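*Asks:* coords please:
(one chain, ligands or ions: 2)
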Amino acid sequence: MSTTAAQSSERVAQIVPEALAAIHEVLEHHRVTEEEWYAVLAFLTEVGRADEFVLLSDVTRTSVLVDALSHEADESATASDVEGPLYVQDPPWREAPVKIYEDYEGSEDGDVLFVRGTVTSTDGTALPDAVIDIWQTGPSGGYDIWDERQPEFNFRGRFGVSERGQYEFQTMVPKPYTVPTDGPVGRYLEAIGQHAWRPAHIHFKVTAGGHEPLVTQVFFPEDPYLENDTIGAVKPALVRPLERHDGSERGLDAPFFTCDFDVSLRAAG
Ligand code: BEZ
Ligand code: FE
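*Replies:* Ligands and ions are numbered 1, 2, ... in the order given. Predicted structure coming up:
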């Protein structure tokens, strides 16, 4: 249900004074000086100019908290997770057999991965009108938007599912990467001694008629940053094994991996 303007104003009137009171208490406790407070305001101005407020929310684990508050834990539905700042609107529609990338200089040492599963409602009914939207890094160079070697929308794409709700897409096993560190949020991380690494993951947005949209991420076991994600977004239920196969099983000239990830959506309302 969408929030009306009146409901929004009521929430602002309730929450903002309490948030300010909490900030005032911290300022008093630490006897913050005018000079320090102006440095805070200059930092926040810079965060806004650099379009890094989502990133700041993520690395301070605020996004994870708000995700938890917004989506009640429900064992029958797939767990949600933070969207992050790196989604790009209007990714290309990919027809079956779905492949979401082109090879590029740097991808040759990576491993091919087929991710597959079924999209259902929490009661187990298949959702044949589901649409899946994926974004992830490649095996080298991070996201396409940072890496000149990759074509636009590499490792991104939207696609449908079968009559029985099944999907499969071909990608490559992503690698851990650092969130952007060249702006004010990077300076903040450095100042507080927090590393910038995220474990390898694949982002999913899944929609289907009559169901709540799901934004989530899939992680892989044995990643060095699984216990130590800079945005704290790893949920055990979203860690999925990678299974190694001989290339001959799919006519490939190198071994490849598969990962099974079924998606269960809550009915809307
Ligand atoms: C990401 O996973 O794409 C991401 C999340 C939070 C901050 C930066 C990047
Ligand atoms: Fe990501």
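
*Asks:* make it CA atoms for all contacts and neighbour counts henceforth
*Replies:* Noted.

*Asks:* Need the three-state assignment for the residue nearest the centre of the chain.
*Replies:* The chain has Glu83 as the residue nearest its centroid, 4.0 Å off, counting by C-alpha atoms, centre = their mean. Classification of Glu83 by DSSP: H, G, I helix; E, B strand; the rest coil places it in coil.

*Asks:* Is it correct that it is in contact with Thr216?
*Replies:* Yes. In terms of C-alpha atoms under 8 Å, Glu83 counts as a neighbour of Thr216; the distance is 7.0 Å.

*Asks:* where do the contact lists of those two overlap?
*Replies:* Common neighbours of Glu83 and Thr216, counting by C-alpha atoms under 8 Å, 6 or more residues apart in numbering, are His203.

*Asks:* picking that back up, confidence score at the residue nearest to the centre of the chain?
*Replies:* According to the prediction, Glu83 has pLDDT 96.

*Asks:* which phi and psi does it have?
*Replies:* Backbone torsions of Glu83, given as degrees, to the nearest 10, read phi -80, psi -40.

*Asks:* Excluding residues flanking it in the chain, which one is nearest it?
*Replies:* Val215 (6.3 Å; C-alpha to C-alpha, 6 or more residues apart in numbering).

*Asks:* and Asp133, that one's in a strand?
*Replies:* Yes. Assessed with three-state DSSP, Asp133 lies in a strand.

*Asks:* Hmm, Val59 is touching Ala233, no?
*Replies:* No. Using C-alpha under 8 Å, Val59 makes no contact with Ala233, being 9.8 Å away.

*Asks:* And the two? Which one has more around it.
*Replies:* Ala233 (27 against 24; other C-alpha atoms under 10 Å).

*Asks:* what about the more buried one, which SS state?
*Replies:* Secondary structure, three-state DSSP: Ala233 is coil.

*Asks:* Surely it and Asp81 touch.
*Replies:* Yes. Counting by C-alpha under 8 Å, Ala233 touches Asp81, with 6.7 Å between them.

*Asks:* joint contacts of those two?
*Replies:* Val64.

*Asks:* what about the strands in the stretch 51-200 of the chain?
*Replies:* Along the stretch 51-200 of the chain, the segments classed as strands by DSSP state E, counting those that start in this stretch run 98-99, 112-121, 131-136, 156-160, 166-172, 177-178, 197-198.

*Asks:* wait, which of these is closest to His24?
*Replies:* Comparing the strands of the stretch 51-200 of the chain against His24 with C-alpha to C-alpha, the closest turns out to be strand 197-198 (32.1 Å).

*Asks:* Report whether the closest one contacts ligand 1.
*Replies:* No. Strand 197-198 lies out of reach of ligand 1 by C-alpha under 6 Å from any ligand atom, never closer than 7.0 Å.

*Asks:* Mean confidence (pLDDT) on that strand, please.
*Replies:* 97.

*Asks:* next one: stretch 161-178
*Replies:* 97.

*Asks:* what's the first-to-last distance across that stretch?
*Replies:* Taking C-alpha to C-alpha, to the nearest Å as the measure, stretch 161-178 stretches 32 Å from start to finish.

*Asks:* so what's the backbone phi/psi at the residue of the stretch 101-250 of the chain found nearest ligand 1?
*Replies:* Among all residues of the stretch 101-250 of the chain, Val179 sits closest to ligand 1, at 4.6 Å; criterion: C-alpha to the nearest ligand atom. Here is the backbone geometry of Val179 (degrees, to the nearest 10): phi -70, psi 160.
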